[in-house]
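J.: sharing a model that was predicted from the sequence below.
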Amino acid sequence: MKTKVLLADDHKIFRDGLRTLIEKEGMEVVGEAENGRKTIKLAEKLMPNVIIMDVSMPDMNGIEATRKISAGMPSIKVIALSMHSDRRFVLGMLEAGASGYLLKDCAFGELASAISQVLDGNKYLSPKIADVVVKGYLNKSNDTSIMKNTILTSREREILQLIAEGMTAKEIAVHVFLSIKTVETHRRNIMQKLNMRSTVDLTKYAIREGLTSLDV
């Protein structure tokens with residue numbers, strides 16, 4: 001039986017190239033998504049063996065999508081394929097439940113090997129970021145930014161990303177099926193927890209912590 005792969009990346013040209021390479025390896029690309037929210041929906045519908053997940057995507061980033069998929073569909077393996085080697089991104093994906101993390105400048109052979117290894121129940125980290133992970137865990141107890149991020153709930157991180165991407169409370173409410181009052185309550189709680197007073201501050205924080213990026 002062919003390995004079923006779901007591609008999650010907001011750049012179509014990248015997905016097209018990756019699809020071609022994956023299918024040449026005898027695997028089947030069963031779906032593509034340009035954001036984390038769509039990735040979750042396709043994962044529920046298609047139940048792939050593995051998801052190749054970008055970290056920075058609009059609407060819902062790869063970290064939050066991975067966290068929800070790992071919690072609800074633990075049989076699906078997630079491999080992060082990202083341009084980011086910063087430990088906030090790496091540790092964020094691993095703590096969310098990703099089984100592997102590679103950089104986008106890796107050779108395709110490395111990705112194919114990673115897919116094989118995670119499907120065998122192993123973890124795979126690109127050699128280029130192994131030191132980042134080790135140092136990140138060693139320094140984690142002293143990292144106040146990571147501590148701040150963990151005090152936000154999953155829903156708060158989700159709403160914070162949408163705020164940073166320019167959505168109004170009304171737009172967010174429609175998008176995530178909540179009342180405007182509930183969204184505004186979440187916004188107040190986020191600002192209080194992070195000790196921030198403006199949308200600009202929240203946006204800067206979201207970009208810095210990898211919840212969103214400047215190019216989404």
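T.: Yes, it's here.

J.: what ranges in this structure fall below the confidence cut-off?
T.: 132, 134-150, 214-216 (pLDDT under 70).

J.: roughly how far apart are the residue nearest the centre of it and E23?
T.: Centroid-nearest residue in the chain, with Cα atoms, centre = their mean: G62, separated by 1.3 Å. As judged by Cβ to Cβ, to the nearest Å, G62 and E23 stand 22 Å apart. C-beta here means a position set from N, CA and C on the backbone, and glycine is covered the same way.

J.: repeat that for R197.
T.: To E23, R197 is 50 Å away according to Cβ to Cβ.

J.: neighbour count: those two, which is higher?
T.: Relative neighbour count places E23 above the other of R197 and E23, with 13 against 10, counting by other Cβ atoms under 10 Å.

J.: surely that one meets V30?
T.: No. In terms of Cβ atoms under 8 Å, E23 does not count as a neighbour of V30; the distance is 11.0 Å.

J.: ok, which stretches of the chain are helices?
T.: Using DSSP state H, the helices found in the chain span residues 12-24, 36-46, 62-72, 87-96, 108-119, 127-139, 144-150, 154-164, 169-176, 180-194, 199-208.

J.: okay, now the domains of the chain?
T.: Per automatic domain parsing, the domain ranges recorded for the chain read 4-139, 144-208.

J.: looking at those domains, which is buried most?
T.: Counting by mean count of other Cβ atoms under 10 Å, domain 4-139 has the highest mean neighbour count of these, with a mean of 19.

J.: distance between that one and the chain's centre?
T.: Averaging C-alpha coordinates over domain 4-139 and over its chain gives two centres that are 8 Å apart (Cα atoms, centre = their mean, to the nearest Å).

J.: residues touching Y124, list them.
T.: If a contact means Cβ atoms under 8 Å, 6 or more residues apart in numbering, then Y124 has I79, S99, G100, Y101, L102, S113, A114, Q117, V118 as its contacts.

J.: if we can go back for a sec, which residues touch the residue nearest to the centre of the chain?
T.: Going by Cβ under 8 Å, 6+ apart, G62 touches A8, G36, M53, D54, V55, S56, A80, S82, M93.

J.: ok, now how distant is S75 from K4?
T.: From S75 across to K4, the span is 12 Å (Cβ to Cβ).

J.: overlap in contacts, those two.
T.: Listed contacts common to S75 and K4 are M47; contacts here mean Cβ under 8 Å, 6+ apart.
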